[in-house]
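for reference, the sequence and a predicted model appear below.
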Amino acid sequence: MQAKINKSTLSLIEGDITRQDTDAIVNAANKSLRGGGGVDGAIHRAGGPKILEECIKIGGCETGEAVITTGGNLKAKYVIHTVGPVYRDGEHNEPRLLENAYRNSLLLASSKGIKGIAFPSISTGAYGYPLEEAAEIALKTSVTYLKEHTDIELIRFVLFGRHALGVYEMVLKRLMEGYI
Ligand code: ADP
C-alpha cells in the first residue's frame, strides 16, 4: 500500500528490513548500541562488524534519540539507530518517546541528505508496544514530517509478517481518510 504526501511516497510492505535498498535503514536499537535480538541482531549479522565498531565509538543513545553509522555490507549506505520506549502501561511518556524516535530519525536523515529511508515497526517486538497504537504514532509522525519537509522522497515501513502489515494498512487508511 502507498500514499502520496506532497511529492513524497509513504509505502508499507511486508519484508525484511536488512534487505532494503533505500539510502538508509533504521535499527530498533537499545540504549547501549551494543546489538541485541530482533531487528538489531538481524542488522548487525547482515551488515558485518563495521556497524558495531562505529556504535561502540558513539557509546550509546537515549530513548527517543537517533544516531547514524555506515551500512557496512548492507545495500543501504547508512543505518540510523534509534531507541524506542519499553512499553509499560502507556502512562510513562511512551507515546511521546516513540514519536521522538521516528521524528529524530527523520531529522537525522534530512541532515545527511538521505532521500529514501526504511523503518521497521519500532518498539513492537521485545519492547512490547501494542501494535495498533504504535502504528498510529509511526504513521502520523511520518505523514506530518512529509507534510512539513519535502527533501525526503520515500519513507517505507517494512513490516514483519502479514499481520503487522495488515494493521499498518488499516491505520494508514484511517489516517488518509481523516479519521485519526
Ligand atoms: P523493539 O526492541 O524496538 O521492540 P524488535 O527488534 O524486538 O524491536 O522488534 C520490532 C519489530 O520488528 C517487531 O514487530 C518484529 O516483529 C519486527 N522484526 C524483527 N525482525 C525484523 C526484520 N528482519 N525486518 C523487519 N522487521 C523485523
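Nice, I can see it.

which residues are in contact with the host helix or strand of Ile137?
Here Ile137 sits within helix 131-148, counting by DSSP states H and E. With C-beta atoms under 8 Å, 6 or more residues apart in numbering as the contact definition, helix 131-148 has outside contacts at 3, 5-6, 8, 10, 90, 95, 98-99, 102-103, 106, 119, 121-124, 152, 155, 157, 163-164, 167-168, 170-172, 175, 180. The way it works is simple: take the backbone N, C-alpha and C, and place the C-beta from them, glycine included.

tally of neighbours for the residue nearest to Ser110 when sequence neighbours are not counted?
Spatial nearest neighbour of Ser110, excluding adjacent residues (C-beta to C-beta, 6 or more residues apart in numbering): Asp151 at 5.3 Å. Using other C-beta atoms under 10 Å, Asp151 is surrounded by 13 other residues.

could you do the one 10 residues further on as well?
Applying the criterion other C-beta under 10 Å, we find 10 residues in the vicinity of Gly161.

show me what the nearest residue to it once chain neighbours are set aside is bridged to.
Sequence neighbours aside, Glu14 is the residue nearest to Gly161 in space, at 6.6 Å (criterion: C-beta to C-beta, 6+ apart). Glu14 has the following beta-bridge partners by DSSP bridges: Leu159.

mind listing the residues bridging to the residue most central in space within the chain?
Centroid check for the chain by C-alpha atoms, centre = their mean gives Phe119 as the closest residue, at 3.1 Å. Counting by DSSP bridges, Phe119 is bridged to Phe157.

distance of it relative to Glu177?
Phe119 is 22 Å from Glu177, where distance means C-beta to C-beta, to the nearest Å.

then Ile80?
Ile80 is 30 Å from Glu177, by C-beta to C-beta.

next one: Asn30
Distance from Asn30 to Glu177, by C-beta to C-beta: 36 Å.

ditto for Arg156
Taking C-beta to C-beta, one finds Arg156 at 21 Å from Glu177.

between these two, which is the more surrounded one?
Using other C-beta under 10 Å, the more surrounded residue of Arg156 and Glu177 is Arg156, with 21 against 8.

quick check on the residue nearest to Ser110: phi, psi?
With angles defined as degrees, to the nearest 10, Asp151 sits at phi -70, psi -30.

Val79 now?
According to degrees, to the nearest 10, Val79 has phi -120, psi 130.
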